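A.B. asks: Sequence first, then the predicted structure, then my questions.
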Amino acid sequence: MNSRDRILQAVKANQPDVATLPDLQAFISPAPASLETFRKVAAGMGSHILEIKDESEIPALLKQYYSDANIQQVVATDPSLYDIAAPLNWQTGDGRQLQDADLAIVRAQVGVAENGALWLTEAELQVRVLPFISQHLAVVLDQSAIVPTMHHAYERIGGPQTGFGVFIAGPSKTADIEQSLVLGAHGAKSLTIFIKG
Amino acid sequence: MDTSIKDHAALAEQFNANEPRVNWHDETLWWVRQKRDKMAWSIPEWEELREAASRIKHNVLGNLHDYLLEFERNAQQNGATVHWAADAEEHNRIVLGLLQEQNVKRMVKSKSMLTEECHLNHYLADHGIEVIDTDLGERIVQLAKEPPSHIVLPCIHKKKEEIGDLFHEHLGTPAGNADPQFLTAAARAHLRSEFIQSRVAITGVNFAVAETGEMVVCTNEGNADMGAHLADVHIACMGIEKIIPQRRHLGVFLRLLARSATGQPITTYSSHFRTPKPGQQLHIILVDNGRSRQLGREDFRNSLKCIRCGACMNTCPVYRRSGGHSYHNAIAGPIGAILAPNLDMKQYADLPFASTLCGSCSNVCPVKIDIHQQLYKWRQVVTQEGQASGAKAAGMKMMTSVLSRPGLYKFAGKTARWVLRLAPGVANNRFNPWSKQRELPAAPKTSFADWYKENRKQ
């Protein structure tokens, strides 16, 4: 008998009686999400929040916010989000073609008020490593896509539509050295969220 | 550090040699515990969430056989290759085979307590393959040639000056620079070049969803994603107990995990890996290594509900004052002390005794594992199996003979109070292990029984 069959046999012999799964409906309250909560919690996670009425405001706001950051290479997954074209063929390759990306601009499907997290999938990102390898990250989120909790988020997202999806809450961070919080461990050093009203 | 023959008490004594450092360790972890409390109290339905999480995991334990098959089927449909490993040795052999297939001599790994449990790094090093740990804390202890001392905060026992020295030696940072911001930036540059060069990446798994065949990996640093998305081959290593039934159950666990671990509302990255990226291989290794045996131990199977948040360590008065290395096991603290005896009862016979049984671990556990009760039960199993230390067994026998005879107990109490008042050195000396790093309070004049008899009359 191979290991697979041995493990499965041992598990079957040793597992207790099946208990029923709990009902999660009680966690999904119908109360609407609070923009104020999202702003506060996302800022607490280190995100920089800007409210906009129109996406045409984005390039100027980014240039202003990152004026000291020496931004050269900008990759907008939707060309309409930025006024300078992304490098040619940025989608082609194994991800290493993005190692010099300074700023990535992407769209999020969902925002979660209780933890400031944004749901991004391979469909918007096109290249999975983009939001991690880029030095800075900007995310565009419709205010109507903000939900109160993770339960609401999964209800809205449903089953997987793509091969990869990620909740991102703030810039990459670590506190491994004496519990001192440092932003910019391996992923993006900053996260700017544009909330479109 | 040689931990092979020393038990928890002896290793804790080493850790306690430096009292200011013990106090600092204690206070730092208590601060993390307080951050956890603040987060828990901000969620009105916190207790309901813990209950739901515990019940989902209970359902998993009772249906694990079918969930494993469902996960395997879905993962294969997603394009992943699923491997099964009965023990650590087989797990390591599978990983080595995959690396040799790729002809790889150096690769990146993000945090995986399972690979620590299996001692994968040493095994691969013996076969000429260098593993670069990419979690900052894990990289630090790796450079120091030490194991992690905490499952979430691997180098919580290290001072920044020591880390500065390590980075000076290994990464060429200026001598004497111990600024966390500066050192983190140096590690970022060093590890970026490793990510870019590495063709294979190993990650752990926080949750594996039977319904979808996807795996969720949680990090704050983004190291799992940097490794996995750039690699030609992604190897995900997981214990068979990481399965959860449905995607929506992630809502419950992702709400609990980071709040319990570090007092954050969620980790920075909660990545859902379902299919390999185009042109990539995705290998998932399902590891038993004693888990199916623990599943059959009715008193201890709940330990398999653990989601590795570390809250039980941060709150434990013994862990905080004895340090993670004193547990001489990949997983330290209260949860480590109930998992380890299942792996090797003789080697880890001391761990269930490394507790005051205060119950704080059970109170903070996000999946409601009855940790302190299992510690108590392990003590009985360990003693019955003849694995308790001789002194402990003799002491217990003496206590039993005294406690089962009320007259003798009364006499012994009276004698002890009299002796301790006149000569406290009888107890507070180096021959009594209980007086190490402790001082006995002054003995009272009367016993509680006498006091009660006296005061009830009034």
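C.D. replies: Alright, I've got the coordinates.
A.B. asks: and the most centrally placed residue in chain A, what are its phi and psi?
C.D. replies: Centroid-nearest residue in chain A, with C-alpha atoms, centre = their mean: residue A:168, separated by 3.0 Å. Dihedral angles of residue A:168 (phi, psi; degrees, to the nearest 10) stand at phi -120, psi 130.
A.B. asks: Spatially nearest residue to it (excluding sequence neighbours)?
C.D. replies: residue A:118 (5.2 Å; C-beta to C-beta, 6 or more residues apart in numbering or on different chains). For every residue, glycine as well, the C-beta is placed using N, CA and C.
A.B. asks: still on that earlier bit, what sits against the residue nearest to the centre of chain A?
C.D. replies: Residue A:168 makes contact with A:117, A:118, A:120, A:131, A:137, A:139, A:191, B:268, B:269, according to C-beta atoms under 8 Å, 6 or more residues apart in numbering or on different chains.
A.B. asks: If it is in a bridge, with which residues?
C.D. replies: Residues in a beta bridge with residue A:168, per DSSP bridges, are residue A:118, residue B:269.
A.B. asks: measure residue B:11 to residue B:344 for me?
C.D. replies: Distance of residue B:11 to residue B:344, given as C-beta to C-beta, to the nearest Å: 17 Å.
A.B. asks: quick one: low-confidence parts of chain B?
C.D. replies: Scanning chain B for pLDDT under 70 picks out B:1-5, B:428, B:430-431, B:433-434, B:437, B:458.
A.B. asks: can you do 50?
C.D. replies: Across chain B, the ranges flagged by pLDDT under 50 are B:1-3.
A.B. asks: could you pull out the strands for it?
C.D. replies: Under the criterion DSSP state E, strands of chain B are mapped to B:81-85, B:106-109, B:130-133, B:200-203, B:207-209, B:214-219, B:233-239, B:243-244, B:269-273, B:281-287.
A.B. asks: a markdown table please, covering those and showing distance to residue B:175 and mean neighbour count.
C.D. replies: Below are the strands of chain B laid out as a markdown table (distance: least, C-beta to C-beta, whole Å; neighbours: other C-beta atoms under 10 Å in any protein chain shown):
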| stretch | distance to residue B:175 | mean neighbour count |
| --- | --- | --- |
| strand B:81-85 | 44 | 20 |
| strand B:106-109 | 27 | 24 |
| strand B:130-133 | 24 | 19 |
| strand B:200-203 | 33 | 27 |
| strand B:207-209 | 43 | 25 |
| strand B:214-219 | 31 | 25 |
| strand B:233-239 | 37 | 24 |
| strand B:243-244 | 48 | 24 |
| strand B:269-273 | 34 | 26 |
| strand B:281-287 | 42 | 23 |
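A.B. asks: Ok, which of these comes nearest residue A:172?
C.D. replies: For these, proximity to residue A:172 was assessed by C-beta to C-beta; strand B:269-273 is nearest, at 7.7 Å.
A.B. asks: And chain B, is the longest helix along chain A touching that?
C.D. replies: Ordering each helix of chain A by length in residues (DSSP state H) puts helix A:3-14 first. Yes. Using C-beta under 8 Å from any C-beta of the partner chain, helix A:3-14 comes into contact with chain B via A:3, A:4, A:6, A:7, A:8, A:10, A:11, A:12, A:13, A:14.
A.B. asks: Tell me the buried residues within these.
C.D. replies: A:3, A:4, A:7, A:8, A:10, A:11, A:14 (16 or more other C-beta atoms under 10 Å in any protein chain shown).
A.B. asks: From chain A, how far out is residue B:297?
C.D. replies: From residue B:297 over to chain A the distance is 8 Å, taken as C-beta to the nearest C-beta, to the nearest Å.
A.B. asks: That residue: how many residues sit nearby?
C.D. replies: Neighbour count for residue B:297, taken as other C-beta atoms under 10 Å in any protein chain shown: 18.
A.B. asks: before we move on, back to that, neighbour-wise, which of residue B:11 and residue B:344 wins?
C.D. replies: The neighbour comparison of residue B:11 against residue B:344 (other C-beta under 10 Å) goes to residue B:11, with 21 against 12.
A.B. asks: Not including adjacent chain positions, what is the nearest residue to residue B:281?
C.D. replies: Closest residue to residue B:281 apart from its sequence neighbours, by C-beta to C-beta, 6+ apart: residue B:233 at 4.6 Å.
A.B. asks: wouldn't that neighbour be in contact with residue B:102 here?
C.D. replies: Yes. At 5.8 Å, residue B:233 counts as touching residue B:102 under the criterion of C-beta atoms under 8 Å.
A.B. asks: residues touching the spatially most central residue of chain B, list them.
C.D. replies: With distances taken as C-alpha atoms, centre = their mean, the residue of chain B nearest its centroid is residue B:331 (3.3 Å). With contact taken as C-beta under 8 Å, 6+ apart, residue B:331 is in contact with B:113, B:116, B:117, B:151, B:308, B:339, B:340.
A.B. asks: The fifth one: how many residues sit nearby?
C.D. replies: In other words, residue B:308. Using other C-beta under 10 Å, residue B:308 has 19 other residues around it.
A.B. asks: Give me the phi and psi angles of the residue nearest to it when sequence neighbours are not counted.
C.D. replies: Among residues not flanking residue B:308 along the chain, residue B:151 sits closest, at 5.4 Å (C-beta to C-beta, 6+ apart). Note on residue B:151: its backbone torsions stand at phi -70, psi -20 [degrees, to the nearest 10].
A.B. asks: ok, now which ones touch residue B:151?
C.D. replies: B:113, B:308, B:310, B:313, B:331, B:332, B:333.
A.B. asks: Among those residues, name the ones in helices.
C.D. replies: Using DSSP H, those in helices are B:113, B:313, B:333.
A.B. asks: Doesn't residue A:139 lie inside a strand?
C.D. replies: Yes. Counting by DSSP: H, G, I helix; E, B strand; the rest coil, residue A:139 is part of a strand.
A.B. asks: looking at the sheet around it, what are its partners?
C.D. replies: residue A:106, residue A:193.
A.B. asks: coming back round to it: tell me which residues are up against the longest helix of chain A.
C.D. replies: With contact meaning C-beta under 8 Å, 6+ apart, helix A:3-14 is reached by A:1, B:64-65, B:68-69, B:84-86, B:90, B:240, B:286, B:288, B:292-293, B:295-296.
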